[in-house]
Structure formats: structure tokens, C-alpha cells
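# Everything below, folded, please.
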Amino acid sequence: MSFTAGCGGPVDRAVADGMIGQLREFGTSLVDATDLTTGGDVESVVGRALRGRRTAVLLASRSGGRYTRTGRLVGVDARPEAVTRSCHTTLRRLGTDYLDLYLLDRADPRVPVEESVQAMAALVAAGKVRHLGVAHVDVGQLRRAHAVHPLALVAAEYSLLGRCAETELLPAARALGIGFAAYRPLGAGLLTGQLDSPDQLAPDAYQHADPRFRPDNFARTRRMVGAAQRVATRRQVGVSRLALAWLLAQGRDVLPVAGTRDPTHLEMNLAAAAVRLDAAERARLAALSDPSGAVCPRPVGTDCRCRPGTRDAGPGTRDAGPGSQDRTGN
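All right, here's what the predicted structure looks like:
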């Protein structure tokens, strides 16, 4: 699960403590404590909640992107010195000696991705980090990063309403033996069944950059959600639980990462593991959206680098910058 800022209101120690206990009860142990927006508040709270039980969880964090409290990207700094400094700061706030997983949240347009990953590999060698991952990368960047140091995980948006990853990124990860973290598994809130209009969003919400929330696309998206809701009703589960169950059915290497600060929502998300979809249900749900990304979640004016025909950036090519996508990791 993810405590990542941008997925809700503030979290206090009592809530964090209880939610980590819930994870252990359900046999789930990965905790993403990434804090790219609140100046360390989330990391400090999670760190206090983990005192005395650090080894009970797999602790993850990310570096590279900077976001507003509502999840809108405002900058990228993945220079080697920044990646190293960020890791040390995170360890201090969390009160731990190591991270189980450290991800590069964004490639920096000023720095080849290889240089950022080399700095992360040095942290592994120093015992500060155990495994590495990357997020928001294209296939070329994934391969180049993996060539510097073996990656355990790549994170990208993947849900019933955002299946661009299926065209190139997910197959490439599988070919390299890299796990896949599906972030925004509930379609940026669309698959909660609670969004009836973009007008419900805050004026500065990151979803305003998402084409699925544009007036000309939102009605179509709502019809897709309605079709998923009908399948969920037949199974007597909520549409969000159904959406997570569909992702879990895509393979043992696909890990939905749902961000929440609410213990009730966490319990509902974890219960998705008990929902077994038959082949007909999986096919019916898959038919709702086009995996080539007919309504791609990437912001208007940017190319979806997950689609076929994407050029793999070479070592001398600058990677996409802050304007490429607005996302936190829930």
C-alpha cells in the first residue's frame, strides 16, 4: 500500500500504526512511504509507526519528482547527488538504516538515466538500499537502467481504464524479469464509483491534466465505469474491489499499489485478493477499454511512450521532463 502524499488528507501516527497492523493481518508487507510533497511529514509519521517492527514490512520510497499536495508535478531533480541526498534524508526521517526498495520516480531531462541509477547502485553497495526500481519510464529507459543495475520493479499507471502499459512496457518488464507495480489502479479515482463529474475535483487537482476527465471524454469514461459496475453488482462487490481483482488476475508479477489514508478503504482494497474472476468475467472487463490507449491517461499534448512505435531513447538522448506527466504513486 502507499501512504504517498497526494492520495488524500494528512495521516497521523495512530492511523498509520493501525493500518500497518492491518497489512500484517492480511499477509501484505509492502509499504510505500514516499513523501514528495509535504516536507517529510508522511515519512516521519510512518517511521514512528514502524518503531519496534521495522522488519515486519518491506519499506519503499522514491526520489526524483516533486509534486503539489494535490499530486501535480512541479519539477524533477534526479541528478546523482540529489538522488543520494534524498535517500539519506528519507532514512533519517523514517528512522531506519535501509530501504527495501528505492525507486527513481522520474528521469531527469538534464541527466541520462544511467547516471541516476549509478548513484542508486552505489546506495545498494553501501547497504542503504536492498533493491532498485524505476517509474514513469519508457521501454528504452527501462532497458538502459536495468543494464546499469538489476531492477526489481518498474512502476507505471495500469488499470481497467488505462492499459497503455500492456503494449510495450509490461512485456518488456516481463522479458527482463522485472516486477510491475500498477499505480493509479483505480483510474485516478474513476473506478471508485464516486466521481460523477470533473466538477467534483479541486481546481488544482492533478486529474485536470488527464484526458479522461475532459468533457469530451468523461461521458465515455463514465459509460465504461458503469459497465464495470454492472459486473461488480453481479459479483456483489464494489467496483473498486473488482478493478483491483482484475489487475491481480493479470499475473503474479503485477502488483496494484493503491494509495489510501483510510483504514476502511485499506480493508476493502486488501479484500480484493479474495475475489476470483473467471475467464468470461476477465474477458468482459478487458473489453471495456482499448489497451493501445484510445483515451490515454497521459496529459494532453504529450505522447504516450508505452504505445507501439515509440522510439527507444539512446544514451545520448535527454529523457522526458516535468511537463511529461503529472502523477504521484497511488
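
# Next one: residue 133 from residue 284, what distance?
Note on residue 133: its distance to residue 284, by Cβ to Cβ, to the nearest Å, is 32 Å. Heads up, the C-betas are built off the backbone N, CA and C, glycines and all.

# of those two, who's got more company?
Legend: neighbour count by other Cβ atoms under 10 Å for residue 133 and residue 284, higher for residue 133 (22 against 16).

# pretty sure that one belongs to a helix, no?
No - assignment of residue 133 by DSSP: H, G, I helix; E, B strand; the rest coil gives strand, placing it outside any helix.

# what are the phi and psi angles of the residue lying closest to it once chain neighbours are set aside?
Leaving aside its sequence neighbours, residue 133 sits nearest to residue 153 (Cβ to Cβ, 6 or more residues apart in numbering; 3.6 Å). Per-residue torsions, residue 153: phi -150, psi 140 (degrees, to the nearest 10).

# Over to the one 4 residues further on?
The phi and psi torsions at residue 157 (degrees, to the nearest 10) take the values phi -70, psi 130.

# so it bridges to which residues?
Note on residue 157: beta-bridge partners residue 183, judged by DSSP bridges.

# what does the model give it for pLDDT?
pLDDT, residue 157: 89.

# Poorly predicted segments of the stretch 1-150 of the chain, please.
Scanning the stretch 1-150 of the chain for pLDDT under 70 picks out 1-28, 35-40, 68-72.

# can you do 80?
1-30, 33-42, 45, 48-56, 66-74 (pLDDT under 80).

# Go ahead and confirm the residue nearest to residue 133 touches residue 102.
No - the criterion here is Cβ atoms under 8 Å, and residue 153 misses it with residue 102 at 10.1 Å.

# Between the two, which contacts overlap?
Residues touching both residue 153 and residue 102 by Cβ atoms under 8 Å, 6 or more residues apart in numbering: 131, 133.

# Between the two, which is the more surrounded one?
Shown here are residue 153 and residue 102; by other Cβ under 10 Å, residue 102 has more neighbours (27 against 21).

# For that one, which non-adjacent residue is closest in space?
Spatially, and ignoring its direct neighbours in sequence, residue 102 is nearest to residue 129 (4.3 Å; Cβ to Cβ, 6+ apart).

# That neighbour - how many residues pack around it?
For residue 129, the count of nearby residues is 22 (other Cβ under 10 Å).

# separation between it and residue 178?
16 Å.
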